[in-house]
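Participant: below are the sequence and a predicted model; questions follow.
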Amino acid sequence: MSITQLPAWQALVAHQRDMRSVHMRQLFSEDAQRFDCFSLALGDLLFDYSKNRITQETMRLLFELAVQAGLPDAIQAMFSGQRINTTEDRPALHVALRNRSNRPIVVDGADVMPSVNAVLDKMRRFTQAVRNGEWRGYSGKPITDVVNIGIGGSDLGPRMVATALAPYADGRIRVHFVSNVDPSDIATILRHLAPASTLFLVASKTFTTQETMLNANTARRWFLSRVGDEAAISKHFAAISTNRQAVEAFGIDSDNMFVFWDWVGGRYSLWSAIGLPIALYLGMDNFEELLSGAHLVDEHFRTAPLKRNIPAIMGLLGVWYINFWGAQTHAILPYDQHLALFPAYLQQADMESNGKSVTKDGKPVNYATGPIVWGQVGTNGQHAFYQLLHQGTRLVPCDFLVAAQNHNPIGNQHDVLVANFLAQTEALMRGRTAEETRAELEAQGYSGGSLELLTAAQTFEGNKPTNSLLYKKLTPFTLGMLIALYEHKVFVQGAIWGVNSFDQMGVELGKRLAKAILPELSGTTTDREATHDSSTCGLIQQYRAWRDS
Ligand code: F6P
């Protein structure tokens, strides 16, 4: 049975019809307690979802939908290590990586926690040795620069966290990230590095990803061409992977290998040894604070009733707009420069997880699934795309994030930042009616045709939904909370839509196709050329001509 046949789904369809004529202005003016009713606190984080097109009835129906779609069971299934990634026949247990309480989590009859803790211990020893200069390069110099070579989940998470938590770095280690197969990426970074004080981390779950392996080989050639001694590699290359054989074949000492497990999805892996660049940059204590923040949210998600469960509510609000109001995108708008990469990180977390069109039983869905996730830091976005949010024809639910304390308090700039955050969320909710606009223009002396023209152009419909996430300060703990909130939000939506949020078959196909086309670029003609469309053939021919000219 499709979820669209569930009684709660049907009731939501009818309820949405009633809500179409309701404006949030009206809801706020009718209920002075609306903020109290539709906001929740967790640790140093406040989640305000009152500026949404919802009533108590909307939320009641959404919670009913969650129950009828089996969300509570799905949550228990994930935390208890069931094989919820059905196509790959594995559990999805990123929650075990940050299970600071050490509650046993059993997979195939064995508790995974001892192995998780053993890797954390190894990471602590290694990061301490590198950071305090005990680990030395081949020539006896301490390591000053760490280069993480990885892509997708083996890059975006550590890169985003390193950017977000830069105020916690003590300057002992600089960290760099290479992901793109475009040689300009690695070339730009290597140009400034000295081999004697550089440590490369080759981060790849599979250790077969084309971009990562090419960049890793380029790094090795760069290193050997300057050092000339294969034996020196063991002091300058470490690997993070699930594939021991491939790591050894690459020539990385198995002592320098940090393992994780097939039950850690790439986009959920920053909590595993994939977080090593974070730990090297910020120290292991800060990395463990990140884990602790995520663990707090995990326990909240696992145990809080749906109506007090922040990730459940975030996910259900998304379902409300996507499936009942036709929203196609979701904007992430951090008013926090340190979260500049958060939208890009969440693109992978959300779009690779829920960009699916068949259910777990292999049936095509007859409803929309994962949204297009996008965004940009405020206030920059205000001067770029907010016009469309305010007055365009599309419905774009937005999440606004802001800290109460800035890491760089300068004058009143942080208050100005927060004033913009508040002004935007309020304006999106309230809008400006034609009467208000006209009155303002008349007061400025407009009349006749120009008054009418400007009234039409300056009227804002409002009623645009936003969530506000206000946190005390962007600490490692708070960042761990934020990431886990979104991971679980994505999980909630995948559970409601009945899709497998933990595979990525579409990306796998792209990887194979690129490999197949590569040999055709080296020759002058190809056997397969006849099978391509004329556009692909035309582009290949022009590429070869310009490349070789
Ligand atoms: O982009 C597809 C993907 O499989 C991601 O899920 C993953 O994070 C990325 O490739 C990198 O994979 P690996 O860590 O195996 O190199």
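Facilitator: Noted; the coordinates are in hand.
Participant: check whether the longest helix anywhere in the chain contacts the ligand.
Facilitator: If you go by DSSP state H, the chain has its longest helix at helix 476-497. No - Helix 476-497 is not in contact with the ligand by C-beta under 6 Å from any ligand atom; minimum separation 13.5 Å. Every residue, glycine included, has its C-beta placed from N, CA and C.
Participant: return the set of buried residues in that helix.
Facilitator: Neighbour counts over helix 476-497 (16 or more other C-beta atoms under 10 Å) mark 476-497 as buried.
Participant: stretch 19-34 too?
Facilitator: Buried-residue list, stretch 19-34, by 16+ other C-beta under 10 Å: 19, 23-24, 27-28, 34.
Participant: that stretch spans what distance, first to last residue?
Facilitator: Length of stretch 19-34, first residue to last, C-alpha to C-alpha, to the nearest Å: 16 Å.
Participant: how close does Ala312 get to the ligand?
Facilitator: For Ala312, the distance to the ligand equals 25 Å [C-beta to the nearest ligand atom, to the nearest Å].
Participant: go on, Arg100?
Facilitator: 24 Å.
Participant: who touches that residue in this structure?
Facilitator: Residues near Arg100 by C-beta atoms under 8 Å, 6 or more residues apart in numbering: 288, 291-292, 295.
Participant: what's the weakest-modelled helix or strand in the protein?
Facilitator: helix 505-522 (a mean of 83; mean pLDDT, DSSP states H and E).
Participant: who are the packing partners of that one?
Facilitator: Here helix 505-522 touches helix 210-227, helix 534-548, going by 3 or more C-beta pairs under 8 Å, 6 or more residues apart in numbering; DSSP states H and E.
Participant: what's around Val106, how many residues?
Facilitator: 12 (other C-beta atoms under 10 Å).
Participant: was I right about it contacting Met113?
Facilitator: No - with contact defined as C-beta atoms under 8 Å, Val106 does not count as touching Met113 (9.4 Å).
Participant: find the helix or strand that the residue nearest the centre of the chain is a member of.
Facilitator: The chain has Leu346 as the residue nearest its centroid, 2.1 Å off, counting by C-alpha atoms, centre = their mean. Assigned by DSSP states H and E, Leu346 belongs to helix 342-347.
Participant: avg pLDDT for the next helix or strand after that helix?
Facilitator: Per DSSP H and E, the first helix or strand lying C-terminal to helix 342-347 is helix 353-354. In this model, helix 353-354 has a mean pLDDT of 98.
Participant: now stretch 207-221
Facilitator: On average, stretch 207-221 scores 97.
Participant: before we move on, what about stretch 21-37?
Facilitator: In this model, stretch 21-37 has an average pLDDT of 98.
Participant: hmm, who's touching that stretch?
Facilitator: Outside stretch 21-37, the residues that reach it (C-beta under 8 Å, 6+ apart) are 48, 50-53, 55-56, 429-431, 462-463, 465.
Participant: please compute how far the helix holding Leu346 lies from its chain's middle.
Facilitator: Helix 342-347 sits 4 Å away from the centroid of its parent chain (C-alpha atoms, centre = their mean, to the nearest Å).
Participant: same question, stretch 377-390
Facilitator: 20 Å.
Participant: can you list the residues of the stretch 401-549 of the chain near the ligand?
Facilitator: So far as C-beta under 6 Å from any ligand atom goes, the stretch 401-549 of the chain lies against the ligand at 504, 507.
Participant: can you check the chain too?
Facilitator: Checking the chain against the ligand by C-beta under 6 Å from any ligand atom, the hits are 151-154, 204-206, 209, 212, 266-267, 352, 504, 507.
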